[in-house]
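Chemist: Fold the following for me, if possible:
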Amino acid sequence: MGAHAYCAEACAIISLADEASRTAWNLAALEMARGPRDLRRRVRLALAGWRATQVQRRLDRRLDAGPGADLVPWIWAPSAIVGSPPRVLAGLILVLVAWGGAGGLAPETGASVPLPAIARTGLTGPGVPAPPRESSASAPLILPAPPPEPRDVVPTPVSLPSADRPGTLPSPRPGPAVPVVAEDFARGNMGIREIAFTFDGHDAANVTVEILDMLRARDVRVTMFLGGQFVRLFPDLVRRMVADGHEIGNHLDTHPHLTTYARNHRHDTLPGVTREFLMGEFRRVEASFRALTGRPMAPYWRAPYGEHNAELRAWAAEAGYRHVGWTRGAGTAEDLDTRDWVADTSSRIYRSREEIAARILEFGRDRPGGLNGGIVLMHLSTQRRTDRPHESLPSVLRALQGQGYRLVTTSELLEHAVPRQARVSPGAAPRPSSPAQALVQ
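Modeler: This next block holds a predicted model:
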């Protein structure tokens, strides 16, 4: 048989995507662990960072290479067994054939390769097995019941396809061609009493179930901006978000820094952040989400750490995504970033749960427009052990609804923020409002 690849191209991409998510999760867990940063921990962090970088580079190279493996997945023997006695060789080959036919584990990462997940991606090419005929539109998508409600959600990584071919994004949002522009959307119509709550999710979900329960209790739909790692680590939560009617936007695959803000408080594009890099980040999240849910993401994105500029937004617009920020008020200290991500009580920007609630409810008071059209930024996880900001969410939602505010998604906010002919829908590219200076997280 020769020293052919053990797995076809699609399987290799799935395996590498799983390995990339696991190494990134290991790095994040080390970074978030409490305790002194002694020499031993620094060495472990450096090693974990190196491993995560190497795996991501292998995945990127695989995507750049495109399909090219032979079209016989799961039966090629690795070169390591070439030269073994004939009886051993034959036995191993038979085991591998049976293993692959049963949907076995990829040798590189232990990633399960379910055919339905591949079929839902819409991937095609010489390296991708054809989906079974019965996986057609006649079989409706069945969303599972909401998951159990633990206090701390344990990550359950799943292996999902990363993308089809590099260079161009999949086009899950067919619709009429409209001009694509690249400004930030940070506030809706100030003449209408409606507000959009938005939640970002990266690689942790320890309060997500509680947030979803609170939103369901008040019959509120929001926009969730999810990263690729969140989609792969917490598939049940993502399915529940979709089942509950929430809108899902793109928060990039690996939650990367995009600008130099952390170095010089300027939003200059970082070296190495190219159009191709950003397209890959969009593509991998979208492919994972589509494989999991069978539907496209909403055409909105939010930059990790609030790091974006005109160049980055223009590249995103080419992919059909419009940037959604959060609302700022009259002064630099007044905005609707709740700072729920700040866990250090000694930080000058730390806000207690009560302060966060008050800042939302009092935003724009005694000024024309007030809170109308506001976009609130919160997160699906917290590092706080006490004084957790999301616990004030029910009282805030109840108070706003009592004041006559409609609590809407980003799409609904945009419906009234732009002229009718430029409305944003899942089938059209977005249109901007006005630029807003981003605040780094």
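
Chemist: Below-threshold pLDDT in the stretch 301-441 of the chain: ranges please.
Modeler: For the stretch 301-441 of the chain, the stretches with pLDDT under 70 are 331-333, 418-441.

Chemist: Buried residues in stretch 403-413, which are they?
Modeler: 405, 407, 408, 409, 410, 411, 412, 413 (16 or more other CB atoms under 10 Å). For glycine as for every other residue, the C-beta is placed from the backbone atoms N, C-alpha and C.

Chemist: looking at this, the second one is in a strand?
Modeler: Right, residue 407. Yes. According to DSSP: H, G, I helix; E, B strand; the rest coil, residue 407 belongs to a strand.

Chemist: residues touching the closest residue to it other than its chain neighbours, list them.
Modeler: Setting aside the residues directly before and after it, residue 407 is nearest to residue 220 in space (CB to CB, 6 or more residues apart in numbering), at 4.7 Å. The contact partners of residue 220, by CB atoms under 8 Å, 6 or more residues apart in numbering, come to 197, 397, 407.

Chemist: Show me what counts as buried in the helix or strand encompassing residue 289.
Modeler: Element membership of residue 289, judged by DSSP states H and E, is helix 275-293. Residues 278-293 are the ones in helix 275-293 that count as buried (16+ other CB under 10 Å).

Chemist: any residues touching the helix or strand that that helix is followed by, and which ones?
Modeler: Helices and strands here follow DSSP H and E; after helix 275-293, the next one along the chain is strand 300-301. Contacts of strand 300-301 with the rest of the structure, by CB under 8 Å, 6+ apart, involve 185, 223, 225, 247, 249-252, 282, 316, 321-324, 410-411, 430.

Chemist: before we move on, back to that, out of the buried residues of helix 275-293, which comes closest to residue 39?
Modeler: Nearest to residue 39 among the buried residues of helix 275-293 is residue 281, at 33.4 Å by CB to CB.

Chemist: Does the closest one touch residue 253 like I think?
Modeler: Yes. Using CB atoms under 8 Å, residue 281 is in contact with residue 253, at 4.7 Å.

Chemist: and for those two, which residues touch both?
Modeler: Taking CB under 8 Å, 6+ apart as the contact rule, residue 281 and residue 253 both touch residue 228.

Chemist: before we move on, back to that, okay, and which of the contacts of strand 300-301 map to helices?
Modeler: 282, 316, 410, 411 (DSSP state H).

Chemist: Would you agree the first one is in contact with residue 316?
Modeler: If I follow you right, that is residue 282. Yes. Counting by CB under 8 Å, residue 316 is a contact partner of residue 282 at 7.2 Å.

Chemist: and residue 394, that one's in a helix?
Modeler: Yes. Counting by three-state DSSP, one finds residue 394 located in a helix.

Chemist: Check which helix or strand the spatially closest residue to it that is not a sequence neighbour maps to.
Modeler: Residue nearest to residue 394 in three dimensions, not counting chain neighbours: residue 214, with 5.2 Å by CB to CB, 6+ apart. Residue 214 belongs to helix 208-217 when assigned by DSSP H and E.

Chemist: For that helix, list every residue counted as buried.
Modeler: Neighbour-count burial for helix 208-217 [16+ other CB under 10 Å]: 208, 209, 210, 211, 212, 214, 215.

Chemist: Equivalent analysis for stretch 265-276, please.
Modeler: 267, 269, 270, 273.

Chemist: How much space separates the third one from residue 200?
Modeler: So the one you mean is residue 270. 20 Å (CB to CB, to the nearest Å).

Chemist: Check the last one too.
Modeler: Between residue 273 and residue 200 the computed distance is 19 Å (CB to CB).

Chemist: Also the second one?
Modeler: According to CB to CB, residue 269 and residue 200 sit 21 Å apart.

Chemist: Residue 288 now?
Modeler: Distance from residue 288 to residue 200, by CB to CB: 17 Å.

Chemist: cool, residue 315 as well?
Modeler: Between residue 315 and residue 200 the distance is 20 Å, computed by CB to CB.

Chemist: neighbour-wise, which of the two wins?
Modeler: Comparing residue 315 with residue 200 by other CB atoms under 10 Å, the one with more neighbours is residue 200, at 24 against 20.

Chemist: Model confidence for that one, exactly?
Modeler: pLDDT recorded at residue 200 is 98.

Chemist: so who does it touch?
Modeler: 224, 225, 226, 251, 302, 377, 378, 379, 380.

Chemist: what's the neighbour count on the first one?
Modeler: The reference is to residue 224. By other CB under 10 Å, 25 other residues sit near residue 224.

Chemist: What does the pLDDT read for it?
Modeler: 98.

Chemist: Now do the contacts for it.
Modeler: For residue 224, the contacting residues are 198, 199, 200, 201, 241, 246, 247, 248, 249, 380, by CB under 8 Å, 6+ apart.

Chemist: so residue 237, which of the three states?
Modeler: Three-state call for residue 237 (three-state DSSP): helix.

Chemist: Residue 358 and residue 310, how far apart?
Modeler: Taking CB to CB, one finds residue 358 at 34 Å from residue 310.

Chemist: oh sorry, the question was meant for residue 326
Modeler: For residue 326 relative to residue 310 (CB to CB), the value is 18 Å.

Chemist: what's the answer for residue 299, then?
Modeler: 19 Å.

Chemist: and those two? which has more neighbours close in?
Modeler: residue 299 (26 against 13).

Chemist: Surely that one is in contact with residue 323?
Modeler: No. Checked against CB under 8 Å, the pair residue 299 and residue 323 is beyond contact range at 10.7 Å.

Chemist: host element of residue 354?
Modeler: Assigned by DSSP H and E, residue 354 belongs to helix 353-361.

Chemist: Only alpha carbons, please: show that helix as PDB.
Modeler: Below are the C-alpha coordinates for helix 353-361, written out as PDB (Å, rounded to 0.1, in the frame of the first residue of the first chain):
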ATOM      1  CA  ARG A 353     -22.800  44.200  40.300                       C
ATOM      2  CA  GLU A 354     -25.000  47.100  41.600                       C
ATOM      3  CA  GLU A 355     -22.800  49.700  39.900                       C
ATOM      4  CA  ILE A 356     -23.100  47.900  36.500                       C
ATOM      5  CA  ALA A 357     -26.900  47.700  36.900                       C
ATOM      6  CA  ALA A 358     -27.100  51.400  37.800                       C
ATOM      7  CA  ARG A 359     -24.900  52.500  34.900                       C
ATOM      8  CA  ILE A 360     -27.100  50.800  32.400                       C
ATOM      9  CA  LEU A 361     -30.400  52.100  33.800                       C
END
